[in-house]
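A.B. asks: Okay, here's the prediction I keep looking at, along with the sequence it came from:
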Amino acid sequence: MSLERSTEYGKIKLNDNIFSKAVLAAVSKTEGKVFCASERGKILGGIDQKVSPGELASNIIISEDAKHYLLKFFVIMSFGASIKKNCTEVLDNLEKQIRTMFPDKGCKIILKIVGVKSKNIAKRNIEIVREYEI
């Protein structure tokens, strides 16, 4: 769902690809320990393939209220990878990007771990929330 905003110059549409590119950049910093996923726990783009922003855009949730943007996305962790370390790295990077792109509002970022990958994907349901104000 794209976000629309009316200004004195007309309507501005914030495309989902803006947010999905930010998520992809943040996840890429983990060097293959975190994979973008669908809500049902399927790795997007396959194991060793690149995820396109369009594919990820259809698997993230974006909304807006008076004070915050809400960004929710789903990941699968690699077995043995530190959840705390990698999720903190992803959220720190993503928060920095969103603060730079949208300094007018705060943001609530929800990273949901839907699985852990070893030989197979073991289902998980772990939600990590990062919220900041302007």
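C.D. replies: That came through fine.
A.B. asks: Which helix or strand lies directly C-terminal to the helix or strand containing residue 76?
C.D. replies: Using DSSP states H and E, residue 76 sits within strand 68-78. Per DSSP H and E, strand 68-78 leads on to helix 83-101 as the next helix or strand towards the C-terminus.
A.B. asks: For that next one, which helices and strands make contact with it?
C.D. replies: helix 16-28, strand 34-37, strand 68-78, strand 106-117, strand 121-132 (3 or more CB pairs under 8 Å, 6 or more residues apart in numbering; DSSP states H and E). For glycine as for every other residue, the C-beta is placed from the backbone atoms N, C-alpha and C.
A.B. asks: swap the cut-off to 6 Å and go again
C.D. replies: Helices and strands touching helix 83-101, as assessed by 3 or more CB pairs under 6 Å, 6 or more residues apart in numbering; DSSP states H and E, comprise helix 16-28, strand 106-117.
A.B. asks: Run the angle between it and strand 106-117 for me.
C.D. replies: Interaxial angle of helix 83-101 relative to strand 106-117 (axes from the mean of the first three to the mean of the last three CA atoms, to 10 degrees): 150 degrees.
A.B. asks: in the sheet, who's paired with residue 106?
C.D. replies: Beta-bridge pairing of residue 106 under DSSP bridges involves residue 68.
A.B. asks: scratch that, residue 37
C.D. replies: residue 43, residue 74.
A.B. asks: Now do it against residue 114, distance only.
C.D. replies: 5 Å (CB to CB, to the nearest Å).
A.B. asks: who touches both of the two?
C.D. replies: Between them, residue 37 and residue 114 share these contacting residues under CB atoms under 6 Å, 6 or more residues apart in numbering: residue 74.
A.B. asks: between the two, which one's more packed in?
C.D. replies: residue 37 (25 against 21; other CB atoms under 10 Å).
A.B. asks: Please report the distance of residue 65 from residue 89.
C.D. replies: Counting by CB to CB - residue 65 and residue 89 are separated by 27 Å.
A.B. asks: Kindly report the same for residue 54.
C.D. replies: 25 Å.
A.B. asks: between these two, which one's more packed in?
C.D. replies: More neighbours surround residue 89 than the other of residue 54 and residue 89, with 18 against 10 (other CB under 10 Å).
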